[in-house]
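Participant: Got a sequence here, can you build the structure:
(chains A and B)
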2 protein chains.
Amino acid sequence: MPVHDATFWAICYHESGTRKRMSAMRENRRELLLRACHSEPVERVPVWMMRQAGRYLPDYQAVRARHTFLEICKTPALAAEVSLQPLRIVGVDAVIVFSDILIVAEAMGLPLDVPDAGPVLSNPVRDLAGVRRLREFDPARETKFVGNAIREIRREAGPDIPVIGFAAAPWTLACYMIEGRTRGDISRALGLLRTEPALLRELLDRIARATVDYLRSQVEAGADVVQLFDTWASELSPAEYDAFELPATQAIVEALASSGVPRILFARGSAKHLASMAKSGADVLSIDWNTDLAEARKTLGHRVALQGNVNPSLLLGDPAAIRSAARDAVQKTNGQGHILNLGHGILPDTPVENAKAFVEAGKSAPVAMHAQAGGPES
Amino acid sequence: MPVHDATFWAICYHESGTRKRMSAMRENRRELLLRACHSEPVERVPVWMMRQAGRYLPDYQAVRARHTFLEICKTPALAAEVSLQPLRIVGVDAVIVFSDILIVAEAMGLPLDVPDAGPVLSNPVRDLAGVRRLREFDPARETKFVGNAIREIRREAGPDIPVIGFAAAPWTLACYMIEGRTRGDISRALGLLRTEPALLRELLDRIARATVDYLRSQVEAGADVVQLFDTWASELSPAEYDAFELPATQAIVEALASSGVPRILFARGSAKHLASMAKSGADVLSIDWNTDLAEARKTLGHRVALQGNVNPSLLLGDPAAIRSAARDAVQKTNGQGHILNLGHGILPDTPVENAKAFVEAGKSAPVAMHAQAGGPES
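Facilitator: Residues are numbered from 1 along each chain as shown, chains lettered A, B, ... in the order given. Modelled structure (predicted):
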């Protein structure tokens, strides 16, 4: 359950007149992230980056040179080490556990390999028998390395740093389960959606149930926030999203309500799915860089917080432009009910200095404290 | 120069009262396509499909089993054979010459290989020296197989079937030239855009000049229409599109005005680029399936014809849904100033029967003859 330190914030809002005095205070980044997730007033936006633990960091590459991708995922000490690198090196406000969305597919019975060419599930789901062969699994036992990595992160980072757990959204995991490997298109998955809608619904339902248990175990291990990644939502029309993905996503979001942690929903293609995503019940919608943050806020009001959405390729360029993009993003929301992030994962070629410039600019971006931040009911 | 058979159409519009009588008449599909491109009145929409000569056709696979992809591209008899397959098998209204957008990159000096994993340019452009090493080339000599394929198609199909030539739009070819191979992302290209805008502009300018000559040679060989493919426009913001791609695209479109053939511009990400695409001067905008045809028509009026935009993955499903989608698309434009197509290339897993269902439904979709079709000046 998120703890709200009322005294701390009361000082911020009612006594302190200057930003300087506030920043001199002990800063609890966990509180900051939770307040942003709940659309409560904040004095600055929290900042993190999707894929922040990854190839653009030489420190990550050094670990990766000695271990396979899956070894890192499955060895809590290694997963924690690379998860914490961006906190130390780039200064992000939240740590997301290093893992892979396909861990759930493997636990459900599809053997996973991750060669350099990209992940391969060697026994893809192609028919109803394939769907029904999928296993339920006990995350506390079969994917305990994820929980242990979260515990290790918490231990090393202390109580003031928020930890984010995650899983794929059902349609996205279904796409990988059906395709077996990424070919750049997902035509088998779309074919099943068209020709075998009942089969696809059963698959989404099984994934959703497994994902609830999987995310609950991450919360039990100490995750303060959980995020669903819906990369392949971009390939669905709004009607298809509503018919297939929305009910499965809602089931997860609702089941996690009792865990008390904010739920973030990221979707690529958010521009067309925004209204549907809002119906999911998620506390935060993480939007891609083709969605305008100000438009999203205008459409959705303050019912839901927003995360995003700077174009990751901007971080390949000039630091001045990066800082300007970070400030522009914050300005679009007044910095309230907003977690600054990229619109998609950070690109492997990104210079570390540019990632730092983004995070620093976001942290120091002016926010409108007087602006309506709103609560869940506004 | 397009020939307008005034007598033929006068009969259609003024004497014939029934669709039945019209369809009994000799149908000139070349005239039909040209009229649609020029937003002139038509009695039905012309239909073709991007990537219509390709892997979903067993006849194509049979040729491909005996020849490499590049052998087919570079052997006019083979290129013509596979180009004509969809005319014969699926009944499309236009033949697009079988080729590859990377032929221009090769002719400009980057050796091209096309293994099964996808095309590779072995000497990618990474710096200004790389840009300046690119050669101008004489299409009549160095890519004469393309012109000869078009001549062969014309010879076999006769004068009543339109032939479409094509090339990549400059940004899209630049992306492949910079990346060397498709990794699913184009971060090197985006990095150059951010850090070396002058270099990128010079590259786009060189590509644009080469593309003008290349497309002119296709028109001289008999292409009735030309299309630019801008797959990677989706990765540009509207401001970036305007700053980099629009001038390069305009240069091509304007230079081809004197050829007298309609110019179609396809872009993935058309929803965000529509206004800019309209500024290109193209006669037809080919839009992806995330753009609503009725919205596009409302935004652009009848200044420009539209091509598209059925979701290719719909063709993996039920023929009834495919027919309905084809009719819906035609209804959104009243069938005037509209070339029915997919919103992106046909998927390799598409059943041939489904492709036929799409084409047949499009051909028989009711159009509103009384609706304002408009000419270039309206």
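
Participant: For chain A, which element, helix or strand, carries the lowest mean pLDDT?
Facilitator: Within chain A, no helix or strand scores below helix A:6-10, which has a mean of 36 by mean pLDDT, DSSP states H and E.

Participant: count of residues packed around whichever residue of the stretch 101-250 of chain A sits closest to chain B?
Facilitator: Across the stretch 101-250 of chain A, the shortest distance to chain B (CB to the nearest CB) belongs to A:R194, at 2.5 Å. The C-beta positions use only the backbone N, C-alpha and C, and glycine is treated the same way. A:R194 has 21 neighbours, counted by other CB atoms under 10 Å in any protein chain shown.

Participant: My guess is it contacts B:S313. True?
Facilitator: Yes. Counting by CB atoms under 8 Å, A:R194 touches B:S313, with 7.0 Å between them.

Participant: any idea how far A:W289 is from A:E254?
Facilitator: Separation of A:W289 from A:E254 (CB to CB, to the nearest Å): 29 Å.

Participant: So for these two, which residue has more residues nearby?
Facilitator: Ranked by neighbour count (other CB under 10 Å), A:W289 and A:E254 place A:W289 first, with 23 against 13.

Participant: what kind of secondary structure is that one in?
Facilitator: Recorded secondary structure, A:W289: coil (DSSP: H, G, I helix; E, B strand; the rest coil).

Participant: A:S286 and A:A267: what is the separation?
Facilitator: Taking CB to CB, one finds A:S286 at 8 Å from A:A267.

Participant: Which of the two has more residues huddled nearby?
Facilitator: A:A267 (32 against 27).

Participant: in which helix or strand would I find A:N341?
Facilitator: Using DSSP states H and E, A:N341 maps to strand A:338-342.

Participant: Can you name the next helix or strand after that strand?
Facilitator: helix A:352-364.

Participant: ok, and for that next one, which residues are buried?
Facilitator: Within helix A:352-364, the residues that count as buried by 16 or more other CB atoms under 10 Å in any protein chain shown are A:354-363.

Participant: Out of these, which is nearest to chain B?
Facilitator: Set against chain B, the nearest of these by CB to the nearest CB is A:N354 (9.5 Å).

Participant: Smallest gap between the stretch 251-378 of chain A and chain B, at which residue?
Facilitator: Closest to chain B within the stretch 251-378 of chain A is A:G317: 2.5 Å, counting by CB to the nearest CB.

Participant: Neighbours of that residue, how many?
Facilitator: So A:G317, with other CB under 10 Å, has 22 neighbours.

Participant: Now name the helix or strand holding the closest residue in space to it that isn't next to it in sequence.
Facilitator: Once flanking residues are discounted, A:G317 sits nearest to B:R194: 2.5 Å by CB to CB, 6 or more residues apart in numbering or on different chains. In the assignment (DSSP H and E), B:R194 maps to helix B:187-195.

Participant: How far away from the center of its chain is whichever helix or strand comes after that helix?
Facilitator: Moving toward the C-terminus from helix B:187-195, the next helix or strand (DSSP H and E) is helix B:197-221. Taking CA atoms, centre = their mean, to the nearest Å, one finds the center of helix B:197-221 at 16 Å from the center of the full chain.

Participant: Okay, now the unreliable bits of the stretch 51-200 of chain A?
Facilitator: Flagging of the stretch 51-200 of chain A using pLDDT under 70 yields the residue ranges A:183.

Participant: right, and out of the buried residues of helix A:352-364, which lies closest to A:E156?
Facilitator: Using CB to CB, A:V359 is the member of the buried residues of helix A:352-364 that lies nearest A:E156, at 19.5 Å.

Participant: Please report how far A:A355 lies from A:V95.
Facilitator: 15 Å.

Participant: Over to A:A321?
Facilitator: Going from A:A321 to A:V95 by CB to CB gives 27 Å.

Participant: do the same with A:V330
Facilitator: Per CB to CB, A:V330 is found 21 Å from A:V95.

Participant: Please say which of these two ends up with more neighbours.
Facilitator: Ranked by neighbour count (other CB under 10 Å), A:V330 and A:V95 place A:V95 first, with 28 against 25.

Participant: And the next helix or strand past the helix or strand harbouring A:G147?
Facilitator: For A:G147, the host element (DSSP H and E) is helix A:144-157. Stepping forward along the backbone from helix A:144-157, the first helix or strand reached (DSSP H and E) is strand A:163-168.

Participant: strands paired with that following strand, and their directions?
Facilitator: With DSSP bridges as the test, strand A:163-168 is paired with strand A:95-96 (parallel), strand A:225-230 (parallel).

Participant: Go ahead and flag the most central residue of chain A.
Facilitator: For chain A, the residue nearest the mean C-alpha position is A:Q227 (3.9 Å; CA atoms, centre = their mean).

Participant: which parts of the stretch 151-300 of chain A sit against chain B?
Facilitator: The stretch 151-300 of chain A comes close to chain B at residues A:182, A:184-185, A:187-188, A:190-191, A:193-195, A:235, A:237, A:269, A:271-272, A:289-290, as judged by CB under 8 Å from any CB of the partner chain.

Participant: Check the gap between the residue nearest to the centre of chain A and A:A168 for me.
Facilitator: Here A:Q227 is placed at a distance of 10 Å from A:A168 (CB to CB).

Participant: And for the closest residue to A:L215 other than its chain neighbours, the neighbour number?
Facilitator: Excluding the flanking residues, the one nearest A:L215 by CB to CB, 6+ apart is A:V226, at 4.9 Å. For A:V226, the neighbour count with other CB under 10 Å is 26.

Participant: For A:V226, list each beta-bridge partner.
Facilitator: For A:V226, the beta-bridge partners under DSSP bridges are A:G165, A:R263.

Participant: ok, it - contacts?
Facilitator: Contacts for A:V226 (CB atoms under 8 Å, 6 or more residues apart in numbering or on different chains) come out as A:164-167, A:215, A:218-219, A:256, A:259, A:261-264.

Participant: would you list these in TSV and tack on neighbour count and distance to B:A129?
Facilitator: Converted to TSV, these look like this (neighbours: other CB atoms under 10 Å in any protein chain shown; distance: CB to CB, whole Å):
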residue	neighbour count	distance to B:A129
A:I164	23	44
A:G165	26	48
A:F166	22	43
A:A167	25	47
A:L215	27	51
A:Q218	27	50
A:V219	21	54
A:L256	21	55
A:S259	17	57
A:V261	24	53
A:P262	25	51
A:R263	23	51
A:I264	24	45
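
Participant: Kindly reformat those residues as CSV containing distance to A:I72.
Facilitator: Shown next, in CSV, are the contacts of A:V226 (distance: CB to CB, whole Å):
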residue, distance to A:I72
A:I164, 17
A:G165, 17
A:F166, 16
A:A167, 18
A:L215, 21
A:Q218, 17
A:V219, 22
A:L256, 26
A:S259, 26
A:V261, 25
A:P262, 27
A:R263, 26
A:I264, 23
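
Participant: and which of those is nearest A:S83?
Facilitator: Proximity of these to A:S83 (CB to CB) peaks at A:I164, which lies at 9.5 Å.

Participant: who touches that closest one in this structure?
Facilitator: Here A:I164 is in contact with A:48, A:94-97, A:223-227, A:264 (criterion: CB under 8 Å, 6+ apart).

Participant: List the contacts of the nearest residue to A:G147 once chain neighbours are set aside.
Facilitator: Once flanking residues are discounted, A:G147 sits nearest to A:A221: 3.5 Å by CB to CB, 6+ apart. A:A221 sits next to A:146-148, A:150-151, A:154, A:165 when contact means CB under 8 Å, 6+ apart.

Participant: how close does the residue nearest to A:G317 get to A:D349?
Facilitator: Between B:R194 and A:D349 the distance, using CB to CB, works out to 11 Å.

Participant: list residues touching both of these two?
Facilitator: Residues touching both B:R194 and A:D349 (CB under 8 Å, 6+ apart): A:L316.

Participant: Tabulate the strands paired with strand A:163-168 (a markdown table), appending distance to A:D242.
Facilitator: Output for the strands paired with strand A:163-168, formatted as a markdown table (distance: least, CB to CB, whole Å):
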| stretch | distance to A:D242 |
| --- | --- |
| strand A:95-96 | 28 |
| strand A:225-230 | 13 |
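
Participant: quick one, which of the ones you listed is nearest to A:P119?
Facilitator: Nearest of the strands paired with strand A:163-168 (CB to CB): strand A:225-230, 13.9 Å.
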